[in-house]
Each structure stands twice: as C-alpha cells, then as structure tokens.
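Asker: got a structure for you, letters missing:
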Ligand code: DC
C-alpha cells in the first residue's frame, strides 16, 4: 500500500507533530519540506549572497545540493553533504527561508528533490504540498490555528529548549512570515481545493490526529 499524504498550513499549526505521527502509524516516510528551505537559507546566510538579487539567487542555487536521509526514523537534512539539522531552527533562518521561498528558481530546485522522495508513499508537510508538489496526493490536509495560539506554541517550544523567548515578538514574527508565505506570487500558502481544513487551535494532538 503506497500513497501520498499532503499536510500544509502556516507556522505553528501543528504540521510536524501530526505528520510525524501519521507517518509512523502508516510506516511511510516523513518529509519536512520547510527544513529544505531552511537549509537553502543557511547556505545564503553563510555565503553572504544578497537575497534581493534574483540572478545571484539563481546562480547560487546551482551550487547547492540539498538532500534528505533518515536516522532512526528522524529526518536529517544535508547541505552539500553536511548534516545541518541542528543549525536551521532559528527565527533568522526561518525568515530568510520564507524570503527565498518567493524565488521560482529555488522552488523549482527543491520541488524536484521533493517529488523524487514521493515515489513510495510519504507524508509531506509544507506550504504547497497539496497545491503544487503533490497535486494528486490521495489525502490532503490544511492545518490552521489562531495566530496567538501558534505564537504560544513556538514560545513554549523555545522555552522547553531553554532558549530566551519573547511571546509578543515571536507572534509578530510568525505573522510577518505567514503574510509573506500567503501573498507570494509562486506557490502561495493556501489550502488545495480538495483539502480537509482542520483548525487545531482548541484541539490536542490526539484530537487533530
Ligand atoms: O515549515 P517551516 O517553518 O520550517 O518553513 C520555513 C519557510 O520555508 C516558510 O516560512 C516558507 C518556506 N516553505 C515553503 O515556501 N514551502 C514549503 N513547502 C515549505 C516551507
């Protein structure tokens, strides 16, 4: 049995938690496509290339290879052969990922890598899984939640990791990133016409599952 499940939605809607659980129960691979955009952003941060210049982005993307492997069932993302999993979870990287995600060149490059993973049944989470990357996925879900709930989830995640966090600031950053993701010209964040929309604001993990 093999088919694809697409899970989309804004930051903090609960996509990762649910995608991981669903993939485990079905024995499918789990693909966090945001991590691929984040790895791309890390490359740009390190190489100091302007993210305003589409031609520079295009040239740079040719030098970037982003691949995914699994260790004990956990996705690991590699940037030109280096495991960068532990380096991509900052707000700075998230913001730049959202900026780079407006580029057609970057999206095309990652779309190809994502599709090549989808040949044997997967649960893929991102912003355009149901609309662009896996339009024929058998099941599509769009998870959403009120902005203040999403901000609180991120705040609690950071606190749990012992990192400094400011709730108002985090909520505002998430709002800005979602604005950028929703309003871009290519592959904007939106539910596919045939997606099931789930508001996770007042649901626990089991409820959403
Ligand atoms: O899911 P995330 O927060 O790790 O994603 C980081 C950014 O990457 C997100 O703000 C927009 C971009 N992204 C995208 O454009 N398309 C995807 N399928 C996944 C992420």
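Answerer: The structure has been received and is ready for your questions. Keep in mind the model is a prediction, meaning the values are calculated, not measured.
Asker: and the residue nearest the centre of the chain?
Answerer: residue 34 (2.3 Å; Cα atoms, centre = their mean).
Asker: show me the contacts for that residue.
Answerer: 97, 125-127 (Cβ atoms under 8 Å, 6 or more residues apart in numbering). The way it works is simple: take the backbone N, C-alpha and C, and place the C-beta from them, glycine included.
Asker: and which of those is nearest the ligand?
Answerer: Nearest to the ligand, judged by Cβ to the nearest ligand atom, of the contacts of residue 34 is residue 126 at 2.4 Å.
Asker: pretty sure the closest one contacts residue 132?
Answerer: No. If you go by Cβ atoms under 8 Å, residue 126 and residue 132 don't touch, sitting 9.3 Å apart.
Asker: which one of those two has more residues nearby?
Answerer: Set side by side, residue 126 and residue 132 show more neighbours around residue 126, with 29 against 18, by other Cβ atoms under 10 Å.
Asker: and the more buried one, what pLDDT?
Answerer: Residue 126 carries a pLDDT value of 98.
Asker: beta partners of it?
Answerer: Taking DSSP bridges as the rule, residue 126 bridges to residue 8.
Asker: tell me the spacing between it and residue 165.
Answerer: According to Cβ to Cβ, to the nearest Å, residue 126 stands 24 Å off from residue 165.
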